[in-house]
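Participant: Pasted the sequence and its predicted model underneath.
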There are 2 protein chains.
Amino acid sequence: MLGAVLHGPRDIRFEDRPEPKITRPTDAIVSLSATCICGSDLWPYRGIQPVTQPTPMGHEYCGIVEEVGREVTNIKPGQFVVGSFASSDNTCVICRHGYQSSCVHREFMSEAQSCLLRVPLADGTLVATNDLPPKELIPSLLATSDVLGTGWFAADAANVKPGSTVVVVGDGAVGLLAVLSAKQMGAERIIAMSRHASRQKLAREFGATDIVSERGEEGVARIKDLTKGVGADSVLECVGTPESMMQAIRATRPGGYVAYVGVPHGVELDGEDLFFAHVHLHGGPAPVRRYLPELIRLVLDGKIDPGKVFDLTLPLEQVAEGYRAMDERRAIKTLLRP
Amino acid sequence: MLGAVLHGPRDIRFEDRPEPKITRPTDAIVSLSATCICGSDLWPYRGIQPVTQPTPMGHEYCGIVEEVGREVTNIKPGQFVVGSFASSDNTCVICRHGYQSSCVHREFMSEAQSCLLRVPLADGTLVATNDLPPKELIPSLLATSDVLGTGWFAADAANVKPGSTVVVVGDGAVGLLAVLSAKQMGAERIIAMSRHASRQKLAREFGATDIVSERGEEGVARIKDLTKGVGADSVLECVGTPESMMQAIRATRPGGYVAYVGVPHGVELDGEDLFFAHVHLHGGPAPVRRYLPELIRLVLDGKIDPGKVFDLTLPLEQVAEGYRAMDERRAIKTLLRP
């Protein structure tokens, strides 16, 4: 079976890999309808996160169940399923509180840029649709697997409510879908921080009411100007750098909410600064499984079209070009068809 | 007028100071019924927070209004009042969101260890009782001004709800009243981390169900043991050191809540650790003004007795002994009678 393997910085290869098998009775094997490249895949691709051995890539997926282990009872061969990037039993005390991405049995998925995928804890990880969905909805259903689920968590973790004033820091695919999520949750004003025309356009399509192209101190000053001098109710940090985190905290009003959903790289927070900023802070790996049933329903009902973030579609074998296009910011997000 | 002035590490003097006057039309002058020494006063007293010039001390107070400026309309001479350690207009957008301690016109009070106090923004800062309260309730009413209000904020910011499992880190007066607050909010289990017999006893009186005397890694392990291996729903950090903050974050279950209410000293948080801890984090200077009406009512109705944290009462002129007793941990908290 062929799949994407990262050998070192900017060295992604489409090469032979062992075919996945049922190894535990709770596993399922899924034949992928679509997979894609995540912004977080660029950290190791760029060498910022070191890769010490050839590493299979990919954690976003949807497709048709091929086979299930003998203890799998809810998921059946032939069903169309979407799963989260983190497997979960969906029954432990942490899952029951809605934090499936910190399930006591969690494994992070990492081999989804391929044709076939083994999914652990299939009953707790996968969500099946009633019928096979129409082909044109596959990109939006794929998006629920991580990029939309993560943007949605950002809006939820930042307490976005009807009438909220929201800032989104980051115009990558997660940031853009955080805009869509905030809109769905009833935000009145959504300020997208972006300096790229094509992304600004998509942000507006998804519901952004204002665009701020300044960054850092200037960006914070612009947000203050737009929010009666006090900052926004909710700020959604969708990047993960020290600069974006500080920008997010400083753009929030005292008593407001900062959510952060990109793995922080090099971020250190000063306790005293945070104390006097007086914000709520919440983030982490998005508990996508909690939101999947609702997000899939919104897609199937035609209420949202998160698949628009895929502005490049390639056959899986051209995965290397998919990475290059995202690395060079020629593409927002690349969908791969096995 | 005589009052407490800090001249340098462990050098507190009871000496002559200018009598406070109405300087702005929104001021009030309050004749203090009682004042006290805060755990946070020990940071500069111990020289951990440098003092560069003689500094009047004290920010907890209640008493009788002597005089008000011409723009003060709600507060009247002769009323008994309690105020927060942070003045607030109680009308700005931040106040309206309940964060009066970050009011756009905030000033931190700092001259309350004396007989008379000027309170800025009297209408927004002070809460008056209907009648003069009985003398025996003065300690508990004084406690609402900061130490109870801060413990209450800790429990509120950590989302304590009926049935919650709560950990309180820190057995100072704030930590002890955080226990009382969690109890009032319906917590089912309240684990106090304390290694001092007298404080453990008071924690149990206030509602603690368990005591953990271990600290650091061992303390976290004990909390995990007591919480099905996953950590507590809500952890209230009432100290402000790097050790106590890490202990709090690591004792919280993924998806749980950490509140921190002591000014952090030397605390740096690693973004990636915090991300994978998956906790909610909220803290800052407690918006005591938000809670004052409710807390005063609970005291007047005899529902709570937070004044028990004062285990030493001295005449104001013995303020230096009051500091020494707290510094040497001979007293939990010292009440001073002007």
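Facilitator: Happy to help now that I have it.
Participant: Which residue, neighbours along the chain excluded, lies closest to the closest residue to chain B within the stretch 101-250 of chain A?
Facilitator: Closest contact between the stretch 101-250 of chain A and chain B, by Cβ to the nearest Cβ, is at A:S102 (3.5 Å). C-beta: built from backbone N, CA, C; applies to glycine. Residue nearest to A:S102 in three dimensions, not counting chain neighbours: B:P254, with 3.5 Å by Cβ to Cβ, 6 or more residues apart in numbering or on different chains.
Participant: That neighbour falls within a helix, correct?
Facilitator: No: remark: B:P254 does not belong to a helix; assigned using DSSP: H, G, I helix; E, B strand; the rest coil, it is strand.
Participant: you'd agree it is up against A:G283?
Facilitator: No: in this structure, B:P254 is not within contact of A:G283 by Cβ atoms under 8 Å, at 11.7 Å.
Participant: The two: which is more packed in?
Facilitator: A:G283 (30 against 25; other Cβ atoms under 10 Å in any protein chain shown).
Participant: Tell me the spacing between that one and B:E66.
Facilitator: 49 Å (Cβ to Cβ, to the nearest Å).
Participant: Ok, A:L316 next?
Facilitator: 80 Å.
Participant: If you count surrounding residues, which of these two has more?
Facilitator: Neighbour comparison, A:L316 and B:E66: the larger count goes to A:L316, with 21 against 15 (by other Cβ under 10 Å).
Participant: Quick one: residues contacting that one.
Facilitator: Neighbour list for A:L316: A:2, A:4, A:14, A:35, A:113-115, A:336-338 [criterion: Cβ atoms under 8 Å, 6 or more residues apart in numbering or on different chains].
Participant: got those as JSON lines, with distance to A:E321, secondary structure and neighbour count columns?
Facilitator: Output for the contacts of A:L316, formatted as JSON lines (distance: Cβ to Cβ, whole Å; DSSP: H, G, I helix; E, B strand; the rest coil; neighbours: other Cβ atoms under 10 Å in any protein chain shown):
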{"residue": "A:L2", "distance to A:E321": "15", "secondary structure": "strand", "neighbour count": "16"}
{"residue": "A:A4", "distance to A:E321": "12", "secondary structure": "strand", "neighbour count": "27"}
{"residue": "A:F14", "distance to A:E321": "10", "secondary structure": "strand", "neighbour count": "18"}
{"residue": "A:T35", "distance to A:E321": "15", "secondary structure": "strand", "neighbour count": "30"}
{"residue": "A:Q113", "distance to A:E321": "13", "secondary structure": "coil", "neighbour count": "31"}
{"residue": "A:S114", "distance to A:E321": "17", "secondary structure": "strand", "neighbour count": "25"}
{"residue": "A:C115", "distance to A:E321": "18", "secondary structure": "coil", "neighbour count": "17"}
{"residue": "A:L336", "distance to A:E321": "10", "secondary structure": "strand", "neighbour count": "27"}
{"residue": "A:R337", "distance to A:E321": "13", "secondary structure": "strand", "neighbour count": "16"}
{"residue": "A:P338", "distance to A:E321": "16", "secondary structure": "coil", "neighbour count": "21"}
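Participant: Can you add distance to chain B and pLDDT and give the residues you listed back as TSV?
Facilitator: Below are those laid out as TSV (distance: Cβ to the nearest Cβ, whole Å; pLDDT from 0 to 100):
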residue	distance to chain B	pLDDT
A:L2	32	95
A:A4	25	98
A:F14	30	97
A:T35	24	98
A:Q113	24	98
A:S114	26	98
A:C115	31	97
A:L336	27	98
A:R337	32	98
A:P338	31	96
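Participant: A:G83: which of those residues is nearest?
Facilitator: Nearest to A:G83 among those: A:T35, at 11.4 Å, using Cβ to Cβ.
Participant: Near A:D123, how many residues? Count them for me, please.
Facilitator: Using other Cβ under 10 Å as the criterion, A:D123 is surrounded by 18 other residues.
Participant: Give me the pLDDT value at it.
Facilitator: Among the per-residue scores, A:D123 holds a pLDDT of 98.
Participant: residue contacts, the residue of the stretch 101-250 of chain A closest to chain B?
Facilitator: Applying Cβ under 8 Å, 6+ apart, we find A:S102 in contact with A:94, A:284-285, A:287, B:254-255, B:276, B:278.
Participant: Return the subset of those residues lying in strands.
Facilitator: Judged by DSSP state E, the contacts of A:S102 include B:254-255 as members of strands.
Participant: ok, and the most crowded of the contacts of A:S102?
Facilitator: Using other Cβ under 10 Å as the neighbour test, the contacts of A:S102 are led by A:P287, with 29 neighbours.
Participant: Am I right that that residue is in contact with A:S101?
Facilitator: Yes: if you go by Cβ under 8 Å, A:P287 and A:S101 touch, sitting 4.5 Å apart.
Participant: The closest residue to A:V160 other than its chain neighbours: neighbouring residues, count only.
Facilitator: Sequence neighbours aside, A:M185 is the residue nearest to A:V160 in space, at 4.4 Å (criterion: Cβ to Cβ, 6+ apart). Per other Cβ under 10 Å, the neighbour tally for A:M185 reads 18.
Participant: So for A:M185, what's the pLDDT?
Facilitator: At A:M185, the pLDDT recorded in the model is 98.
Participant: Likewise for A:G262?
Facilitator: Model confidence at A:G262, given as pLDDT, is 89.
Participant: ok, now which ones touch it?
Facilitator: Listed by Cβ under 8 Å, 6+ apart, the contact set of A:G262 reads A:39-40, A:170, A:174, A:237-240, A:244.
Participant: overlap between those and the residues near chain B?
Facilitator: A:G240 (Cβ under 8 Å from any Cβ of the partner chain).
Participant: Make a markdown table out of the contacts of A:G262 and add secondary structure and neighbour count.
Facilitator: Output for those, formatted as a markdown table (DSSP: H, G, I helix; E, B strand; the rest coil; neighbours: other Cβ atoms under 10 Å in any protein chain shown):
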| residue | secondary structure | neighbour count |
| --- | --- | --- |
| A:G39 | helix | 21 |
| A:S40 | helix | 20 |
| A:G170 | coil | 28 |
| A:V174 | helix | 31 |
| A:E237 | strand | 31 |
| A:C238 | coil | 27 |
| A:V239 | coil | 24 |
| A:G240 | coil | 25 |
| A:S244 | helix | 23 |
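Participant: okay, the contacts of A:G262 in TSV with pLDDT and distance to B:F310 next?
Facilitator: As requested, those are arranged in TSV below (pLDDT from 0 to 100; distance: Cβ to Cβ, whole Å):
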residue	pLDDT	distance to B:F310
A:G39	93	55
A:S40	92	53
A:G170	96	50
A:V174	98	51
A:E237	98	43
A:C238	97	48
A:V239	95	49
A:G240	94	47
A:S244	96	46
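Participant: between the contacts of A:G262, which is closest to A:Q53?
Facilitator: A:S40 (18.8 Å).
Participant: For that closest one, which residues are in contact?
Facilitator: Counting by Cβ under 8 Å, 6+ apart, the residues that A:S40 touches are A:262-263.
Participant: next one: A:R10
Facilitator: Contacts of A:R10 (Cβ under 8 Å, 6+ apart): A:45-47, A:323-324, A:327.
Participant: Out of those, grab the one that's most surrounded.
Facilitator: A:Y323 (24 neighbours).
Participant: Contacts only, for that one.
Facilitator: The contact partners of A:Y323, by Cβ under 8 Å, 6+ apart, come to A:10, A:12, A:37, A:41-42, A:45, A:334.
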